[in-house]
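J.: My questions are about this predicted structure, shown below with the sequence.
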Amino acid sequence: MTLSENTVNILMKVIGDNMKKFIVNKEFWDLFPDSAIGILVLENVKENIEIGESEALEIKNILDSANKEAKKYLTSDVISENEVVKVWREAYQKFPTKKGVRCSLENLLKRILHDNPVGTIFPSVDITNAISLKYALPIGAEDRDKLDGDIHLGAMKGGEKFLPIGSDKEEPPYEGEIAYYDNYGAVCRCLNWRDGKRTQIDDNTTSEFIVMECVDSSRIEDLNKAISELEELMIKYLGAKTFNKQIITKDNPSMDIE
């Protein structure tokens, strides 16, 4: 039986409507019109138990090298005076945030500044931390299978559900706060400050949604290099398969993630 063109179009629309998407809302672009967000969606990521000793050692060496390389971004002993940190301090002043929160990249670089290198956690996190340090760009990773519907980046209504990693107390976002969220609640608060426990990756995660933000338009080329290198390392060491990879901009504000 041959399906009519109209039937095929209807089926394709139904399939498309049911796909999970990543969508960056207008509120974000109003604040950061020239920014770009690198997205890497991976499948078939090896669980920690499947990683051989030699691969784990190589990943550790990559992280060690990135810890050393990151020192080039720290031209001042005052963390806030370094350009790659300053740009995020300024970004966080554009929307309501919890007092004292900082970009995840700043937290990594602060360790380098104080001679406390970022240590190994498990291979997937080690690789993302290595790329974050090497390129001085914040990176967040979520378990794609734990996301509830589409994931958005935009302004929060305030009061959405959010249990941060490392806490047993709910910390709902503020009204107007820029954050990642899905149907259930917030996924990562204050743009790239802290992930929630609900969607965090662990050593059993096999499907990942990885995001890398760049609010400095002069560093878009670095963003492209960083996401490509991250993809290569995840494929080489963790056997990952790329479902989708894109650079999201104001002119291209959404993509399929499942």
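T.: Now that the structure is in, tell me what you want to look at.

J.: Residue 187 touches residue 193, doesn't it?
T.: No - with contact defined as Cβ atoms under 8 Å, residue 187 and residue 193 do not form a contacting pair (11.8 Å). C-beta: built from backbone N, CA, C; applies to glycine.

J.: need the contact list for the closest residue to residue 94 other than its chain neighbours.
T.: By the measure of Cβ to Cβ, 6 or more residues apart in numbering, the closest residue to residue 94 outside its immediate chain neighbours is residue 31, 4.8 Å from it. Taking Cβ atoms under 8 Å, 6 or more residues apart in numbering, we find residue 31 in contact with 94, 95, 178.

J.: Show the pLDDT at the last one.
T.: The confidence metric pLDDT takes the value 98 at residue 178.

J.: Equivalent analysis for the second one, please.
T.: Looking at residue 95, its pLDDT stands at 98.

J.: what's the spacing between it and residue 151?
T.: Distance of residue 95 to residue 151, given as Cβ to Cβ, to the nearest Å: 18 Å.

J.: Neighbour count: these two, which is higher?
T.: residue 151 (24 against 19; other Cβ atoms under 10 Å).

J.: so what's that one up against?
T.: Taking Cβ under 8 Å, 6+ apart, we find residue 151 in contact with 20, 21, 22, 23, 142, 180, 181, 182, 187, 209, 257.

J.: which of those residues are buried?
T.: Buried members of these, scored by 16 or more other Cβ atoms under 10 Å, are 20, 22, 142, 180, 181, 182, 187, 209, 257.

J.: Verify the stated contact: the third one with residue 207.
T.: No - checked against Cβ under 8 Å, the pair residue 142 and residue 207 is beyond contact range at 9.6 Å.

J.: Now residue 161. Nearest residue, chain neighbours left out?
T.: Leaving aside its sequence neighbours, residue 161 sits nearest to residue 185 (Cβ to Cβ, 6+ apart; 3.1 Å).

J.: and the gap between the one you found and residue 178?
T.: Separation of residue 185 from residue 178 (Cβ to Cβ) stands at 15 Å.

J.: Also residue 243?
T.: Residue 243 is 26 Å from residue 178, where distance means Cβ to Cβ.

J.: that older thread, between residue 185 and residue 178, which is the more surrounded one?
T.: Using other Cβ under 10 Å, the more surrounded residue of residue 185 and residue 178 is residue 178, with 24 against 20.

J.: Next up, phi/psi of the more buried one, please.
T.: phi -80, psi 120 (degrees, to the nearest 10).

J.: Please name the residues that touch it.
T.: Per Cβ under 8 Å, 6+ apart, neighbours of residue 178: 27, 28, 31, 94, 95, 153, 154, 155, 156, 190, 191.

J.: Fine by me, thanks again.
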